[in-house]
Structure formats: structure tokens, C-alpha cells
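Novice: pasting a predicted model and its sequence here:
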Amino acid sequence: MTDTTAVLGYAWPLVVSPGERIRFHLSSATLQHAEATLLRVRCADPDPDGPGLRFTAPGAPVDGPVALRHQPLHPGSCAVVPDAPALRGPGSLSAGCLLWPTAPGGRPQAILSRWRDDLQQGWWLGLDAAGRLEFRVGAAGQVWRAVTPRPLLEREWAFVGGVLDLQAGLLRVFQHSLDPQAGRDTSAVAETAGPQAIVWPAETALVMAATTREPGPDPRTTAHLDGKIDRPRLAAAALAPDALRALCEAQDPPVTDPALVAAWDFSRDIPSDRVRDRAANRLDGRLRQLPMRAMTGANWDGRTQHWVAAPEQYGAIHFHSDDMADAGWDADLEMTIPPDWRSGFYALRLRAREGGEDPVESHVAFFVRAPLGQPRAALAVVASTATFLAYANSALRLDQVHAEAMLEGLIALSRDDVYLQQHRELGLSTYDTHSDGSGWCYSSAKRPILNMRPRGASFNYGNDTHILDWLEQIGQDHDVITDDDIHRHGAQLLAGYRCVISGSHPEYTSREMLDAFDHYQRGGGRHIYLGGNGFYWRIAYHPTEPHTMEIRRGMMGLRTWEGEAGENGLSFSGEPSGLWRANGRAPQRLVGVGFDAQVFTRSYPYRWREEARDPRIGWLTEGIDLDAPLGDFGLRGGGAAGIEVDRVEPTLGSPPALLWLATADRLDYGGVPTLEEFRTLHRGAMGDQNAAVRADIAFFPTARGGAVFSTGSIAWSCALSHAGYDNSVSRLTGNVLRRFLDPAPFDGFGET
């Protein structure tokens, strides 16, 4: 068995143009050396029943031996405020905030601190291992602690605070439940003796949701919090509990009060990593590892469901002890992409073998894009990097208790699956939940991604390479572009191509991407959609950090977690998230078909409908027997219609000029409708009794000689290579591609 995890890494940036610089960040806990080879990927699926792994090696400066070292990961989000004179005042202090803990107990968690964990010096407001509020002060080898007698409740708002009163020589800590009814009241106060003079440690940052392990402006952190913090405050005075609570609840803090050191307002600059201090000292900070922003605060009253409408009610940040957005590894190899390299899927292969161990073969994936405005072919294939990121490091198959029932079979674990369960510090996918049970809404490429590379999971990335393999097999020249570049550059990136192919599963789409495709089709562009469950979820990209996307699941659609009430607004863009169908742009409006069901039991053939005999599209069915099943073969379940499927639906926007050519509408009991398809629950909802559970093939003309062809199935691309590429799926796809690349208008359709 090949070891795929002894060497891990990521390429940055994930997408590069010829002439641009790329760096490879590598790590191995067991190996000191490996042999590196840069590859252009034709097929990344090792399935022996298919084309198998197929690469070309163009020859690169990074080819050859590479020294390896172990580079650890440091998960956990927090906010870091650099040390400043205002934080080092010698007098009394009060620190407080509004807190919504999501995993109290089990380990200490810092809320607000200016604490050196290595020296046990400074001050700390946090939770102890029993989930009780603790305020501690340390200096000169002594630590004073005040701890409340009752633990805080999970997912209940409370005001929490700690006070150092040097004049009285006391430490006080207090928690006040904000909804003290029906057993929710855990309000408590504790007081203990404290110092009467203090010298704070030097060069120590103030940290929210964690504490420092070392001095300096960029320290490592520990004791990360799971939960939401709203309106943290710091005062250079020993305030009474009611006065500190009033300060924390104030929307407009008294900035001219000389005792007010800092008043952070998380409702400001929500799309950024900046933490704004509204007090006169301007003690702004920076967020690490992308905690969730645009979260409802303690004052959210349900009058709005979106943070843009009332940002002052979204002054909370949800921190997680396992947040991971940036591995922060040093680069081990770097090179400039040669100007003559073709665009495509690429990977750095790392091989090693030591002693009698299994051979090591690991890959680090990246993409070479066609330069903007310089198409080298008439055809472009769109790499669905947003979807690859959404699924990055998915642990769902093991974490979801009903996975085997959903997949209708036993789960076979790969090395990658096992490694991910043991090393969740890699950061999980947007299908997974954090250790506190909340969903992952962000995903970044600045970390190793196990299922976006050759030999990875046979889904998304691997399936899409079957399209690349087929194009290479038929000798069709093409460029590869990426959907995040479409997001950034818009329709101009598509404009130079006669035809564009979307892959097997372009599920995650931003408004900018959807607008670009729509503009392209309206302007005469021709779009081939060779997948299923495409253009389904509405996402956003980080405004400044490349290759970082966001999804909010909301309470509609086929989802593995639900967001909290009121938190479906995208923090990166201020737009609503959720399904495009719920945002008025169902996939049928763009590509004629839209997601209706999963079918994991097996895949099925299509049967031709009468509209396939329309003489206006004789070019489409040329050489194909319309009385025989279409696609009764394939690598994914033995058919071309399966996994996730789309159907024609005029009520959701399938256009009037559409020709519904073929359907797979006998998907048996394993065809399970997506949740938004359920109006009521009844026994006949599954595919063996429900005609709306199906995969449809559709063609329709668009304006100015454009057209769209859609297959409505993820399994389609993995049937292309059957029988040495000589099959009806390959022939039909080839017929469409040749005609779409021909600039001649489509006779008989007129202007649409």
C-alpha cells in the first residue's frame, strides 16, 4: 500500500500564471528527504478500471532531492493586540465582556488575558477545567486566583468580569446570566485576597480567546476558547460589577473617560481580520486563524436575520480551539512557472522509501491558469476550486453517524481518512463541525488538503480530471481557468472562449461567478455543464486573502449542519448565503437543470425522449442509437446518471426553448430527494415512486448564437473512458463539443 501522508504540503498561491512565482511548503514527521517531481495532471484517479494515474513531467527547477523537516500546525483562533503602554498601567484593572461559551469544561480556556503562560505572570479572565469563571493575577512567582462556584452553561449568554483592586488587595470575579429563568441562572460572585502592588510582564500582547506562551508581538498562543465574545472592555480602575456590566453593554462607550483603556467593537470591519478599539487608546488588534465573524451578539433581538441591516446586533466573534486557516509553514521549494507551460491541473509529487516501510508517494496540488486576456485555445475548462475548498479535508464519512446508511454500504477507509481523524489540526471542510459542534463556514488553501490531489478521494478533483483525460485522448486543445479567477475578473475571463466546460460538481458559486456565466451565455457563449448539483450554494471569497471561501448553511438545503438563527449573512461580502434557489437564481435559470436528488446505491442509464429526434439537433445524436440506453456503464456505480443528479424544472427557471433530450427517472429506492424538494412527507418520496427524482440531459439555445448543454449527473464524467473511450457518453459529449466550437449559428432556433 502506498503511503500518501508521510509528506504533506501546500502550494502558495494555489493558482498561478506562467511567469509567476510559486512556493511549496512541506512537512514530514518521519522523513528527512524525498524525491520531488513536478507533474501536469491528466488523470488523478488511481482506479484500475479507469485510465489510471496519468501524468506528464515537463521538467522543472524543483525536480530532484528535497530536504524535509517537521513543521507543526498551530490551530485555534484568537485576537492579538500588540503590547502598548496603555496596557502596562501599574494600578487596578477591570476586564469584562459578554460571553456565549460553546464547550465549557474539560480544559482551561482564556477569554481575555495579558498573561505569560510560560512565566505564570500577568492577568487572565477565563474558564477553568470545570467550566467555572476564573480571574487570576500572577507576579514575582505568586499567582492569585478567584473562581466562581458554579460553571457557566453551554450556549447561554452571560456577562463575565474580573477586577483587581490593588487598594483593597482583592481579586473579584463575577458572572451574571442574561436569561436567568427556567434553570438558566448561573450567576455567581467570588472574591479572594490579591496583591496590593503589581509589576506586569514586559513585551506581552493582550489576547482574546487565548493566552500567550511567549513574549513578542507575534506570540504562540494556548488555552483557546470555544465560544462567542461580544463587546470586551478593559478599564484602569476597580469597577463595581454593575458599572463594568454597563460598560460592556454600552453601544457607545465613554471614550473620554480616562479610566477606559479599551472598548473593542467586533461589529466594525466585519469582512476584515481587524479588531477595532473604539476607546481613545486605539488598541486595535488582528485576528488569527479566521474565527467566525458577523455573529449575533447578546443584544440580537430577532428583528433582522442579516448583519448588514443592524451591524450593532452582530458584535460577536465565534472563536474555536480548532480553527485553521493558515498553516504558517516556511517554504521548502520555489520556482517561476515557465512562460511556455500549458494551463492545467498540476502537482508536486514527493516520493521516498526507507527500509521495509511502504513506499511514500504524496502530492501537492496547484493550478496553472491561462493568462487573463490571452486565451491559447477556443475551449476553456473551469476548475471548481471553490468546491474543492468547500470539501477540503472532509471527515464527514466517519463523523456523520448515518454515513453508511446514506451511502448504502460499508465505508472503506483510506490512509488519508485515518490520518485526518488522527490529525484534525489540518482543519476540516465546510461539511464538518468544529469540536464544539458548530459548523465550519470558512475554508482556505493555505494548509495541506488531502482530498484535492492525485490519489485523493474519488470525488470532485479526481472526477474532474476524467474530463481532462478525455480531452487529451481526443486531441482537443483547451485552457484551464479557475472559478475563483472568474469571481475576481468576471466575464472578461470567459469572453475569449468559444466554449466553456463546467466540471462534474461546480456546487459552490459566488454572485460574481454566476453573473459572469450569465453574461457570457447572453453574449453568445456556449456552455457545457458535465456535472450534477452545480451552482447550488451561494458563497463569498475573502476580500483580501486569496483562495479563502465562506459558506453559511442556514436552515434550508441538503446540509450537514445548521447555522445559528440570524447568522446566514456572509461575513466576507455582506450578502445572504444559503441556496441560490432561495436567492432567486435556481441553477435551472443558468444551465436548464438543477439539483433534485442523491443516489449512492448505484448509477443508472438514461433513456432518450422524443425531443432527441428533433431534426434541428441531428448533429447532437449523430452516430448514437436512440433506441438503446445511454450510459449503462461507468466507474461510479456502473452508470452515467448517479451520485447527485439534476432535473429540468420549468417552475424553477428551465427556459421555454429547452429541449429535454434524455432522462434517468427510474432511480429506485436509493434516489433520495434533496430536502428543499420535500413539501410534505409521505412514503412515495424516493426514486422508486417519485418521477421528480431523476437526472435529465438538456440543450437550449441562448442569445446571439449561444447555447447550453447539461448532463445533470456527477457520474457522467467517469463514464467517458469506458471501452477505450468508444462509447455513447463519449460520442455524445464529443458531438456537442465539436458543434459548440463551430461558430455557425444553430439553425431553426432563431434569436432567443
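Specialist: Yep, it's here.
Novice: all contacts plus neighbour counts: C-alpha atoms, from now on.
Specialist: OK.
Novice: return the backbone torsion pair for the spatially most central residue of the chain.
Specialist: In the chain, the residue lying closest to the centroid (Cα atoms, centre = their mean) is Ser443, at 3.1 Å. Ser443 has phi and psi values of phi -150, psi 130 when expressed as degrees, to the nearest 10.
Novice: for it, give me its contacts.
Specialist: Shown in contact with Ser443 (Cα atoms under 8 Å, 6 or more residues apart in numbering): 325, 389-390, 392, 428-430, 548-550.
Novice: ok, it to Asn451 distance?
Specialist: Distance from Ser443 to Asn451, counting by Cα to Cα, to the nearest Å: 13 Å.
Novice: cool, Ala298 as well?
Specialist: Applying Cα to Cα to Ala298 and Asn451 gives a distance of 38 Å.
Novice: then Ala279?
Specialist: Counting by Cα to Cα, the gap from Ala279 to Asn451 is 46 Å.
Novice: same question, Trp341
Specialist: Trp341 is 25 Å from Asn451, by Cα to Cα.
Novice: equivalent analysis for Gly169, please.
Specialist: Going from Gly169 to Asn451 by Cα to Cα gives 57 Å.
Novice: these two - which one has more neighbours?
Specialist: Asn451 (23 against 14; other Cα atoms under 10 Å).
Novice: which residues touch the closest residue to Ala707 other than its chain neighbours?
Specialist: Of all residues not flanking Ala707 in the chain, Pro701 sits nearest, at 4.1 Å (Cα to Cα, 6 or more residues apart in numbering). Residues in contact with Pro701 (Cα under 8 Å, 6+ apart) are 657-658, 707-708, 746, 749, 752.
Novice: equivalent analysis for Met686, please.
Specialist: Contacts of Met686 by Cα under 8 Å, 6+ apart are 668-673, 693.
Novice: how about the contacts made by Asp484?
Specialist: 385-386, 513, 547.
Novice: let me fix that, I meant to ask about Val261.
Specialist: So Val261 contacts 86-87, 233-236, 279-281 (Cα under 8 Å, 6+ apart).
Novice: mind doing that once more with 6 Å?
Specialist: By Cα atoms under 6 Å, 6 or more residues apart in numbering, Val261 lies in contact with 234-235.
Novice: tell me which stretches of the stretch 501-650 of the chain form helices.
Specialist: 511-522, 587-591 (DSSP state H, counting those that start in this stretch).
Novice: dump these to TSV, plus mean pLDDT, distance to Arg447 and mean neighbour count.
Specialist: Putting those into TSV (pLDDT from 0 to 100; distance: least, Cα to Cα, whole Å; neighbours: other Cα atoms under 10 Å) gives the following:
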stretch	mean pLDDT	distance to Arg447	mean neighbour count
helix 511-522	98	24	20
helix 587-591	98	31	24
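Novice: pLDDT at the closest residue to Arg589 other than its chain neighbours, what is it?
Specialist: Taking Cα to Cα, 6+ apart, and ignoring the residues beside it in sequence, Arg589 has Gly653 as its nearest neighbour in space, at 4.5 Å. Looking at Gly653, its pLDDT is 97.
Novice: touching, Gly653 and Leu590? I think so.
Specialist: No - assessed by Cα atoms under 6 Å, Gly653 is found out of contact with Leu590, at 8.2 Å.
Novice: give me the pLDDT for Gly684.
Specialist: With respect to pLDDT, Gly684 scores 74.
Novice: ditto for Asp668
Specialist: Value for Asp668, per-residue pLDDT: 87.
Novice: ok, Leu93 next?
Specialist: 97.
Novice: mind starting the numbering at 20 from now?
Specialist: Sounds good: first residue 20 from here, last item Leu112.
Novice: could I get the full set of helices for this structure?
Specialist: In order along the chain, the chain carries the following helices (DSSP state H): 260-268, 404-409, 415-418, 422-426, 434-441, 480-492, 502-508, 530-541, 606-610, 747-760.
Novice: would you confirm that Cys518 contacts Ala396?
Specialist: No - if you go by Cα under 6 Å, Cys518 and Ala396 don't touch, sitting 9.7 Å apart.
Novice: show me which of those two is the more surrounded one.
Specialist: More crowded of Cys518 and Ala396, by other Cα under 10 Å: Cys518, with 30 against 16.
Novice: ok, now which ones touch that one?
Specialist: Applying Cα under 6 Å, 6+ apart, the residues near Cys518 are 398, 545-546.
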